[in-house]
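Chemist: Sequence plus the predicted model coming up.
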Amino acid sequence: MRYLTAGESHGPQLTTIIEGVPAGLPLVAEDINKDLERRQKGYGRGRRMQIEKDRVQILSGVRHGYTTGAPITLVVENKDWTHWTKVMGPEPLTDEEEANMKRQITRPRPGHADLNGAIKYGHRDMRNVLERSSARETTVRVAVGAVAKKILKHFGIKAAGHVLNIGGVKAENTAYQSIEELQERSEQSPVRCIDKDVEQKMMAAIDEAKQNGDSIGGIVEVVIEGVPIGLGSHVQYDRKLDSKLAMAVMSINAFKGVEIGIGFEAANLPGSQVHDEIIWSKEEGYKRKTNRLGGFEGGMTNGMPVIVRGVMKPIPTLYKPLESVDIDTKETFTASIERSDSCAVPAAGVVAESVVAWEIAKAFLEKFGSDRVDEISENLNRHQEWAREF
């Protein structure tokens with residue numbers, strides 16, 4: 001499978017085309033809209049979420065509720081486009097229209113793509129950069145992730161995510177009995193944290209940051225259960241699935257770190273407390289006593305739940321702006337303020353869940369085929385039986 005996204009933050013719409021989804025998969029718009037709604041929720045979100053009510057249009061690749069095997073086109077309209085038709089329109093402006101326009105954006109904001117993108121592509125008006133580099137683009141990546149999760153769920157693989165840390169307030173009681181319980185409890189929380197003892201402290205930290213004109217980041221965790229043994233490969237560096245997951249999470253706006261399983265904690269422990277002992281039973285086949293390595297060994301899944309965490313930095317658009325330099329005058333100024341969130345960690349957790357699900361689904365189809373869901377089921381069943389009896 002593969003996909004591309006297109007569209008700007010204040011353009012008419014966001015678009016993605018997904019190629020390689022197998023035929024015969026049940027899929028309707030509501031399967032995707034549920035995750036789009038989840039992305040817009042979360043304590044600390046800004047005013048944009050009050051304007052946009054994201055709903056997807058499926059324009060190709062699905063007929064009468066089932067995928068056909070053809071490319072799937074998904075579109076999400078930007079409701080705010082009506083206020084930006086001249087600013088962001090594709091047609092050339094008249095001299096009068098250009099004179100009435102706001103001046104070009106020549107003041108890069110620290111922590112954004114503004115200056116680097118302007119230098120790279122030669123833009124004197126940095127709106128050409130910030131419109132595409134905006135986290136608004138993650139809307140259609142969540143839509144893509146919803147399709148991926150639909151594929152995984154069809155074959156008994158389930159995904160969920162939750163928040164572990166916001167602004168240094170850490171969840172401690174994160175135990176759960178099933179992935180369904182994890183998903184239910186995280187969705188009930190305004191900050192997607194299943195530790196009720198720290199939920200209010202996280203919200204208070206977000207409120208304090210907002211009052212101070214500041215922003216805070218945090219850590220999210222994604223869990224995928226039911227993943228079969230052998231997704232990914234050890235034979236080449238670029239086929240290792242855990243490396244693809246790291247890339248996917250790092251591709252999310254404002255993410256600055258990734259770990260799998262116990263991750264960086266492994267640096268502080270002896271090998272006997274890092275690696276997972278192997279056990280076998282006739283009913284289940286090979287298992288691990290623990291899951292410190294997060295479901296991976298040698299770049300391949302080992303049948304245990306996949307555990308991935310991502311670190312999100314504080315959003316760089318601040319109401320207490322930082323200093324920067326105007327690219328025209330070279331004068332120092334305090335950065336302009338664009339509409340923003342004081343904390344987007346709960347929403348970013350939904351994006352992380354989506355990109356992880358996509359990479360797992362892609363590797364799954366590479367292993368078991370991608371033409372028809374019935375054919376994939378047969379291949380999966382044969383593999384599971386082989387693995388149990390090996």
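Modeler: That came through fine.
Chemist: Would you verify that Trp280 is located in a strand?
Modeler: Yes. Read with DSSP: H, G, I helix; E, B strand; the rest coil, Trp280 is one of the residues of a strand.
Chemist: how about the helices in the stretch 1-150 of the chain?
Modeler: Listed from the start of the chain, the stretch 1-150 of the chain has helices (DSSP state H, counting those that start in this stretch) covering 29-40, 48-51, 85-88, 95-100, 114-121, 127-133, 138-154.
Chemist: Figure out which of those helices is closest to Ser324.
Modeler: Proximity to Ser324 (C-beta to C-beta) singles out helix 114-121 among the helices of the stretch 1-150 of the chain, at 8.0 Å. Placement of C-beta: from N, CA and C, glycine included.
Chemist: hang on, the earlier thing: by mean pLDDT, show me the worst of the helices of the stretch 1-150 of the chain.
Modeler: Ranked on mean pLDDT, the bottom entry among these is helix 48-51, at a mean of 59.
Chemist: which of the helices of the stretch 1-150 of the chain sits most buried?
Modeler: For the helices of the stretch 1-150 of the chain, the stretch with the most neighbours on average is helix 138-154, a mean of 25; neighbours defined as mean count of other C-beta atoms under 10 Å.
Chemist: tell me what that one is packed against?
Modeler: strand 2-6, strand 13-19, helix 29-40, strand 72-77, strand 158-166, helix 345-368 (3 or more C-beta pairs under 8 Å, 6 or more residues apart in numbering; DSSP states H and E).
Chemist: Need the ones you listed in JSON lines (columns: distance to Ala204).
Modeler: As requested, those are exported to JSON lines (distance: least, C-beta to C-beta, whole Å):
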{"stretch": "strand 2-6", "distance to Ala204": "35"}
{"stretch": "strand 13-19", "distance to Ala204": "34"}
{"stretch": "helix 29-40", "distance to Ala204": "22"}
{"stretch": "strand 72-77", "distance to Ala204": "33"}
{"stretch": "strand 158-166", "distance to Ala204": "10"}
{"stretch": "helix 345-368", "distance to Ala204": "14"}
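Chemist: which secondary element of this structure has the worst mean pLDDT?
Modeler: Within the chain, no helix or strand scores below helix 48-51, which has a mean of 59 by mean pLDDT, DSSP states H and E.
Chemist: And the nearest residue to Phe296 once chain neighbours are set aside, which helix or strand is it part of?
Modeler: For Phe296, the nearest residue in space outside its immediate sequence neighbours is Asp242; the separation is 4.5 Å by C-beta to C-beta, 6 or more residues apart in numbering. Secondary structure assigned from DSSP states H and E places Asp242 in helix 241-250.
Chemist: which helices and strands does that helix pack with?
Modeler: Packed against helix 241-250 by the contact rule (3+ C-beta pairs under 8 Å, 6+ apart) you find strand 255-260, strand 306-312, helix 345-368.
Chemist: Quick one, which of the ones you listed gets closest to Ala160.
Modeler: For Ala160, the closest of the helices and strands packed on helix 241-250 is helix 345-368, at 7.2 Å, according to C-beta to C-beta.
Chemist: After the closest one, which helix or strand is next? Please name it.
Modeler: Counting by DSSP H and E, the element after helix 345-368 in chain order, helix or strand, is helix 373-389.
Chemist: and that next one, how far from the chain's centre?
Modeler: The gap between the average C-alpha position of helix 373-389 and the chain average comes to 29 Å, counting by C-alpha atoms, centre = their mean, to the nearest Å.
Chemist: I'd assumed Val62 was in contact with Ala23.
Modeler: No. Because the distance of 10.3 Å does not satisfy C-beta atoms under 8 Å, Ala23 is recorded as not touching Val62.
Chemist: More neighbours: which of those two?
Modeler: The residue with more neighbours, out of Ala23 and Val62 and counting by other C-beta atoms under 10 Å, is Val62; that gives 21 against 17.
Chemist: and the more buried one, what does it touch?
Modeler: Residues near Val62 by C-beta atoms under 8 Å, 6 or more residues apart in numbering: 27-28, 68, 72.
Chemist: and if we set it to 10 Å?
Modeler: Val62 makes contact with 21, 25-29, 68, 70, 72-74, 147 under the criterion C-beta atoms under 10 Å, 6 or more residues apart in numbering.
Chemist: same deal with Gln236?
Modeler: If you count contacts by C-beta under 10 Å, 6+ apart, Gln236 has them with Gly299.
Chemist: what does Ala146 give?
Modeler: By C-beta under 10 Å, 6+ apart, the contact set of Ala146 is 27, 29-36, 38-39, 56, 74, 350, 353-354, 357-358.
Chemist: that older thread, any common contacting residues for Ala23 and Val62?
Modeler: Residues within reach of Ala23 and of Val62 at once, by C-beta under 10 Å, 6+ apart, are 68, 70.
Chemist: what about the residue nearest the centre of the chain, distance to Val144?
Modeler: Nearest residue to the geometric centre of the chain (C-alpha atoms, centre = their mean): Val351, 2.3 Å. Taking C-beta to C-beta, to the nearest Å as the measure, Val351 falls 11 Å from Val144.
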